[in-house]
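1. missing the sequence, but the structure's below:
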């Protein structure tokens, strides 16, 4: 099943409203790989190459070289069979809702995702149990491993000497590059961070719903028509940032189910295309790493970002970073206060 | 006084004597346990020390011996039964499996059967098919019985004392070849118990986990010593009590070594040691295995009379050594 995926004019700075398409690096019908350069864009500040977010085929070129394109408007359409892992930096204007996906899933329902790959695949090759576990953890396809054990069985030595699946390496690198590029763009923004200790029980669904509710009461802080909470999920493919739209407006049960199914899908390298854009804030949970805090990084086109850190079995540390162009210190303190109160 | 190197016969006799001294309700009955001192000399001089009231010579009638013990146990006594050869427990199996093991449960817990049945088993004495079996799976497959298989004098003493304390029927299987051999470790003075249902980690290594029972623990120990010189180190685990079975040290060790070998003298088919494999295969430690599990056990034949064939029918030190070396070398 192919999806139409519009590659849009990216927002590359906080002040950017339009970008000029310089030229295409691809033609209609051309096969592209994730990370291939699709086109170049010029703004008043920087020039940038826009890369393919996934493997696919160029279906049509929407804009023409020399056109000035509003951010979020499509520049070209590609057909992809991949449910891409990477996120994009488009703003709320982008026509994601109009994208033809398998099922235009309403936010409150679990999205249709490809069946998650089993953690350990029966690859019809002989391998000792631990080799299967290790291969699954490292994303190694056992069919690519040369068996040296008795009866052509793959041993631990064989797996330890095996190379990582190149496709996974490529996805990891593409994801890293995308995120680094995004963070790079916001590095110069004046920002401030606040931290509070919280002794409340919450899961991801409860947290992102609470945070969305707080942001909805402050429309002055981000002129968005919706609240989109990106949740960073780590997997062997790198970081995924699925976006939960208006999580405060769905029931807890529906949201919890959506978070659970999306987390599972992301860990298997698949996020529905429709969930990859429209973020207005980002949440990063560090508790599984037993870390207390990290600087919450601002992503492009977002003025807030939150991390959840580990303090003790019963208490967590919530850190908030704000963009000082949009709010002052007082706003930041109030926001964090409201978030903690609603937990 | 910690250097007492006793044989298993002496250690078992010492445990029985301590129990005799501690509790007047403990007594011993069996064929030739009195004046003769036991077929393998285990009861020794106990008849002369404690008298005919507490060390009872019985007729050759195993069903009657165990039946008398079950009745005595129900009446508040703590009998120790000795069956001359474990092969003869077949004669007494109704009392063991249908009476001793079940009474507590069938009477709603109102009564219990604090009986210990000691019996020598195993091959290596040239006594042929009807006097050489390892029958631990018979007993281990009957819920309601506890089954102890000591591998050395020190364990035998502590485990037997715990077995006599136990309110349930305990089958205590002693390998004949161990009776006359001093153990590696001294037998402690005093009346310290070794709890039933706790496996013993005999030695620790990082390359291979061996679970062995009874006399095989000693053979595996020798192999472990020898292979250590080659740089192959072995964790050796002696379950000691095969029912209830304590698998935790096995799980923990396999998670470290990734390799498991199990060794028993009894026939491989439906043998007790298969239970260790089954529990490991069904546990989360399964994912730690870096080698197929190796099983060394007796052949599925009656123990032959001819000495060479008798030897060939059960695992020998050389077999264990070869298997241990291969599993470590072939699976890395």
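-> Yes, it's here. Everything numeric here is computed off the predicted structure, so don't read it as measured data.
2. could you use CA atoms for every contact and neighbour count after this?
-> Fine.
3. per-domain residue ranges of the chain.
-> Picked chain A for this. Residue ranges for each domain of chain A read A:3-82, A:187-342, as given by automatic domain parsing.
4. that's the wrong chain, I wanted chain B
-> Split by automatic domain parsing, chain B gives B:8-178, B:200-330.
5. and of these, who's closest to chain A?
-> domain B:200-330 (4.9 Å; CA to the nearest CA).
6. quick one on the thing from earlier: format the domains of chain B as CSV; extra columns: mean neighbour count, mean pLDDT and distance to residue A:58.
-> Below are those laid out as CSV (neighbours: other CA atoms under 10 Å in any protein chain shown; pLDDT from 0 to 100; distance: least, CA to CA, whole Å):
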stretch, mean neighbour count, mean pLDDT, distance to residue A:58
domain B:8-178, 21, 98, 68
domain B:200-330, 20, 97, 44
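7. among those domains, which is nearest residue A:321?
-> domain B:200-330 (41.8 Å; CA to CA).
8. in the chain, which residue is most central in space?
-> All of this is about chain A. residue A:241 (2.0 Å; CA atoms, centre = their mean).
9. how near is the nearest residue in space to it that is not next to it in sequence to chain B?
-> Spatial nearest neighbour of residue A:241, chain neighbours left out: residue A:232 (4.7 Å); criterion: CA to CA, 6 or more residues apart in numbering or on different chains. Using CA to the nearest CA, to the nearest Å, we find residue A:232 at a distance of 29 Å from chain B.
10. could you point out which element follows the strand ranked longest in chain B?
-> Ranked by number of residues, the top strand in chain B under DSSP state E is strand B:260-267. Going down the chain from strand B:260-267, the next helix or strand is helix B:273-281, by DSSP states H and E.
11. what bridges to residue A:50?
-> residue A:39 (DSSP bridges).
12. and residue B:63, helix, strand or coil?
-> helix (DSSP: H, G, I helix; E, B strand; the rest coil).
13. contact partners for it?
-> B:91, B:92, B:93, B:94, B:95 (CA atoms under 8 Å, 6 or more residues apart in numbering or on different chains).
14. end to end, how far does stretch A:186-204 reach?
-> 26 Å (CA to CA, to the nearest Å).
15. state the mean pLDDT of stretch A:282-290.
-> Per-residue pLDDT values over stretch A:282-290 give a mean of 80.
16. residues of that stretch that come out buried?
-> For stretch A:282-290, burial by neighbour count (16 or more other CA atoms under 10 Å in any protein chain shown) applies to A:282, A:283, A:284, A:285, A:286, A:287.
17. just the closest of those residues to chain B, please.
-> residue A:287 (24.8 Å).
18. hang on, isn't the closest one packed against residue A:307?
-> No. With contact defined as CA atoms under 8 Å, residue A:287 does not count as touching residue A:307 (9.3 Å).
19. now do the helices in the stretch 1-150 of chain B.
-> Assigned helices in the stretch 1-150 of chain B, in chain order: B:8-22, B:46-50, B:62-74, B:93, B:103-106, B:136-140 (criterion: DSSP state H, counting those that start in this stretch).
20. residues contacting residue B:126?
-> Counting by CA under 8 Å, 6+ apart, residue B:126 has contacts B:305, B:306, B:307, B:310.
21. distance of the closest residue to the second one other than its chain neighbours from residue B:85?
-> Translated: residue B:306. Nearest residue to residue B:306, sequence neighbours excluded (CA to CA, 6+ apart): residue B:126, at 7.3 Å. Separation of residue B:126 from residue B:85 (CA to CA): 14 Å.
22. kindly report the same for residue A:272.
-> 71 Å.
23. residue A:126 too?
-> 46 Å.
24. quickly find the element holding residue A:197.
-> Using DSSP H and E, residue A:197 sits within strand A:191-198.
25. which SSE is immediately downstream of that strand?
-> helix A:204-216.
26. in that following helix, which residues are buried?
-> Buried, per 16+ other CA under 10 Å, within helix A:204-216: A:204-216.
27. any idea which of these is closest to residue B:231?
-> Of the buried residues of helix A:204-216, the one sitting nearest to residue B:231 (CA to CA) turns out to be residue A:204, at 50.2 Å.
28. got a pLDDT number for the closest residue in space to residue A:288 that isn't next to it in sequence?
-> What sits nearest to residue A:288 in space, not counting adjacent residues and going by CA to CA, 6+ apart, is residue A:310, at 8.0 Å. Looking at residue A:310, its pLDDT stands at 83.
29. just how off-centre is the helix or strand encompassing residue A:337 within its chain?
-> Using DSSP H and E, residue A:337 maps to helix A:329-342. Distance, stretch centre to chain centre, for helix A:329-342: 25 Å (CA atoms, centre = their mean, to the nearest Å).
30. measure how buried residue A:137 is and give me the count.
-> 13 (other CA atoms under 10 Å in any protein chain shown).
31. Three-state assignment for it, please.
-> helix.
32. can you report how many residues lie near residue A:228?
-> Quick note: residue A:228 (other CA under 10 Å) scores 25 neighbours.
33. same check, this time on residue A:331
-> 15.
34. what is the lowest-mean-pLDDT helix or strand in chain A packed up against?
-> In chain A, no helix or strand scores lower on mean pLDDT, DSSP states H and E than helix A:166-186, which sits at a mean of 74. Contacts defined by 3 or more CA pairs under 8 Å, 6 or more residues apart in numbering or on different chains; DSSP states H and E place helix A:166-186 against strand A:238-240.
35. ok, back up a step: what residues does the longest strand of chain B touch?
-> So strand B:260-267 is in contact with B:122, B:133-135, B:208-216, B:254, B:273, B:276-277, B:289, B:291-301, B:314-315, B:324, going by CA under 8 Å, 6+ apart.
36. for stretch A:311-330, same thing?
-> A:189-201, A:221-222, A:287, A:290-298, A:303-310, A:332, A:336.
37. among those residues, the buried ones, what's the ChimeraX command?
-> Selecting only the buried entries of these in ChimeraX, with 16+ other CA under 10 Å as the criterion:
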select /A:189,191,192,193,194,195,196,197,198,221,222,287,292,293,294,296,297,298,303,304,305,306,307,308,309,310,332,336
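38. what's near enough to touch residue 142?
-> Picking chain A for this. A:123, A:125, A:132, A:135, A:159.
39. not quite, I wanted chain B
-> Neighbours of residue B:142 in contact, by CA under 8 Å, 6+ apart: B:97, B:101.
40. for it, phi and psi?
-> phi -110, psi 110 (degrees, to the nearest 10).
41. kindly report the residues of the stretch 201-332 of chain B close to chain A.
-> B:286, B:287, B:288, B:289, B:290, B:291, B:292, B:330, B:331, B:332 (CA under 8 Å from any CA of the partner chain).
42. 6 Å instead?
-> The stretch 201-332 of chain B comes close to chain A at residues B:287, B:288, B:289, B:290, B:291, B:332, as judged by CA under 6 Å from any CA of the partner chain.
43. would you confirm that the second one contacts residue B:258?
-> If I follow you right, that is residue B:288. Yes. The criterion here is CA atoms under 6 Å, and residue B:288 meets it with residue B:258 at 5.3 Å.
44. per-residue pLDDT, the residue of the stretch 51-200 of chain B found nearest chain A?
-> Nearest residue of the stretch 51-200 of chain B to chain A (CA to the nearest CA) works out as residue B:199 at 25.3 Å. Listed pLDDT for residue B:199 reads 98.
45. try residue A:104
-> 34.
46. and for residue A:113?
-> So, for residue A:113, pLDDT stands at 41.
47. cool, and residue A:221?
-> According to the model, residue A:221 scores 67 on pLDDT.
48. now do the one 5 residues further on
-> What the model reports as pLDDT for residue A:226 is 83.
49. give me the number of residues near the residue lying closest to it once chain neighbours are set aside?
-> Closest residue to residue A:226 apart from its sequence neighbours, by CA to CA, 6+ apart: residue A:246 at 6.1 Å. Each residue near residue A:246 was counted by other CA under 10 Å, and the total is 20.
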